[in-house]
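A.B. asks: This is a predicted model, with the sequence first.
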Amino acid sequence: MDKILAARAHAVQQDNEAEFLADVDPGNKTLLARQRMLFGNLRQFGFAKLGYERLHEQFDQRLVDKYGPSTYAVGVAMAYQIQGIDPVPVRTMLGYTFTKRPDGRWMLVSDTDLDRQLPRGSHQEAWDIGRVLVKRGPRVLVVVEQDQTELATSLVAKAVSAVKAVGASWPGGWTGSGFVIALDDKVVRGADYSLPKNAEDALAMATWVYRTLPGEVSGMGERADSYVVINPRNRARVDARTLAHEFTHVATAPYGAYAPRWMVEGAATYVEFLPMDGAEDLALDKYEAKVRTKYLAKANGLPTDATFFNNASSSYPLSWLAMNYLFHKYGGTEVATLYQEMAALGSTQAERNRIMQEHLGITEAGLFQALRAAAGL
């Protein structure tokens, strides 16, 4: 198994399709075609590093009954680093089923049998779904359907502008890159646009990329980065500001997963609304006045994690208002430091209050009262 997996990684790096397909069941035309497509997709991404690691055998009597007594089904970690995109090697998961040939060699007979057992959000990558086109720009990689050259060109231009904006606006600068996935499929990585709450309104979302997979070191996995997946229903509505919002999530992803939702979305919206090359400046003074009268006056506190997306029409403006206040009152360096500590340690309300008290001298409740006082409420 290990030799086969090593050969597959070597084949991609060396552009050797024959080597990649050498251990695929030649009698399974559907699998062979899918693996050939996968090879063509993988070649486009430009992996600086690529390897496949055999994990745990997954016994399933139904697979033995289907393929025979030599059946070996195994979870596999694909460890990779895309040149110019991933700051560190990252991992995704897949499942392979092998059987032994009469001549004693092993062959791959399925690459989908274990899909339902794999961790949600850490498999079904852009290169797995259909034939794709990969297009690059400075610090940007965009993936679209194979025949969507015009869409790819448009998204690259928007993404380049957005990456520059986040790099210039986020305190301390951000030197990372943006990976944008814009495919027709509604379920890619951790994004599921088949769900009613996402299907209509969501434009895009940043999905986690893992340094270690869920269950390897921790239940959640160790998160390294984020890739942005665009809602296929709303591709025409995505602009540079939308991508700047999502790339702010990418920039802050390495901090951790525990920052309150109002801080996560408020920071991204704050950067999204700043002046940006190629985008018309927004009338933020008028917007601030509107948020104060329409939402702040009726609110009882900052948006909570549990109800944030249920009340998105008010949660996003209030979160922007809170982060806008913090950036102007305390400065970007202090806010970025606060964000990092909240994301790393703010797993409980008590911890969040402690961290905010330490950095700002107020809790979340105190911040809400400060917003109301600034608005004269």
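C.D. replies: That came in fine, so what should we check first? Numbering: from 1, shown residues only.
A.B. asks: In contact with the residue nearest to F179 when sequence neighbours are not counted, which residues?
C.D. replies: Distances taken as CB to CB, 6 or more residues apart in numbering put Y227 closest to F179, at 4.3 Å, once the chain neighbours are dropped. Glycine gets a C-beta too; all of them are placed from N, C-alpha and C. Contacts for Y227 were tallied using CB atoms under 8 Å, 6 or more residues apart in numbering; they are A126, F179, V180, I181, R189, A206, T207, V209, V250.
A.B. asks: Please point out which parts of the helix or strand hosting K290 sit buried.
C.D. replies: Element membership of K290, judged by DSSP states H and E, is helix 284-294. When neighbours are counted by 16 or more other CB atoms under 10 Å, the buried residues of helix 284-294 are found to be E288, V291, R292.
A.B. asks: and if you look at stretch 227-245?
C.D. replies: Applying a neighbour-count criterion of 16+ other CB under 10 Å, one finds 227-231, 234-235, 238-245 buried in stretch 227-245.
A.B. asks: ok, back up a step: list just the nearest of the contacts of Y227 to S161.
C.D. replies: Ranked by distance to S161 (CB to CB), the contacts of Y227 are led by V180 at 12.3 Å.
A.B. asks: where in the chain is pLDDT low?
C.D. replies: Per-residue confidence of the chain (counting by pLDDT under 70) places the weak regions at 121-122, 199.
A.B. asks: Can you give me the neighbour number for L338?
C.D. replies: If you count neighbours by other CB atoms under 10 Å, L338 ends up with 20.
A.B. asks: coming back round to it: which ones among the contacts of Y227 map onto strands?
C.D. replies: Secondary-structure check on the contacts of Y227 using DSSP state E: residues within strands are F179, V180, I181, A206, T207, V209.
A.B. asks: How many residues are close by A365?
C.D. replies: Summarising burial for A365: neighbours were counted as other CB under 10 Å, giving 12.
A.B. asks: helices or strands up against the helix holding K290?
C.D. replies: In this structure, helix 284-294 packs against helix 312-330, with contacts taken as 3 or more CB pairs under 8 Å, 6 or more residues apart in numbering; DSSP states H and E.
A.B. asks: mind listing what's buried in the helix it packs on?
C.D. replies: Using 16+ other CB under 10 Å as the test for burial, helix 312-330 gives 314-327.
A.B. asks: that older thread, quick one: which of the ones in strands among the contacts of Y227 is nearest K298?
C.D. replies: A206 (29.4 Å).
A.B. asks: dump the residue contacts of that closest one.
C.D. replies: By CB under 8 Å, 6+ apart, A206 lies in contact with S226, Y227, V228, E246, F247, H249, V250, A253.
A.B. asks: please redo it, this time with the cut-off set to 6 Å
C.D. replies: Neighbouring residues of A206 by CB atoms under 6 Å, 6 or more residues apart in numbering: S226, V228, E246, H249, V250.
A.B. asks: Which members of the residues you listed occur in helices, if any?
C.D. replies: Among the contacts of A206, DSSP state H puts E246, H249, V250 in helices.
A.B. asks: Show me what the residue lying closest to the first one once chain neighbours are set aside is bridged to.
C.D. replies: Which is E246. Leaving aside its chain neighbours, E246 sits nearest to V228 (4.4 Å; criterion: CB to CB, 6+ apart). When assigned by DSSP bridges, V228 has beta-bridge partners V180, A206.
A.B. asks: was I right about V228 contacting M205?
C.D. replies: No. V228 is beyond contact range of M205, at 7.2 Å (criterion: CB atoms under 6 Å).
A.B. asks: Make a markdown table from the buried residues of helix 284-294 and add distance to Q369 to it.
C.D. replies: As requested, the buried residues of helix 284-294 are exported to a markdown table (distance: CB to CB, whole Å):
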| residue | distance to Q369 |
| --- | --- |
| E288 | 18 |
| V291 | 16 |
| R292 | 14 |
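A.B. asks: of all the buried residues of helix 312-330, which comes closest to R116?
C.D. replies: Distances from R116 to the buried residues of helix 312-330, taken by CB to CB, are shortest for S315, at 33.1 Å.
A.B. asks: Identify the residues contacting that closest one.
C.D. replies: Residues in contact with S315 (CB under 6 Å, 6+ apart) are P303, F308.
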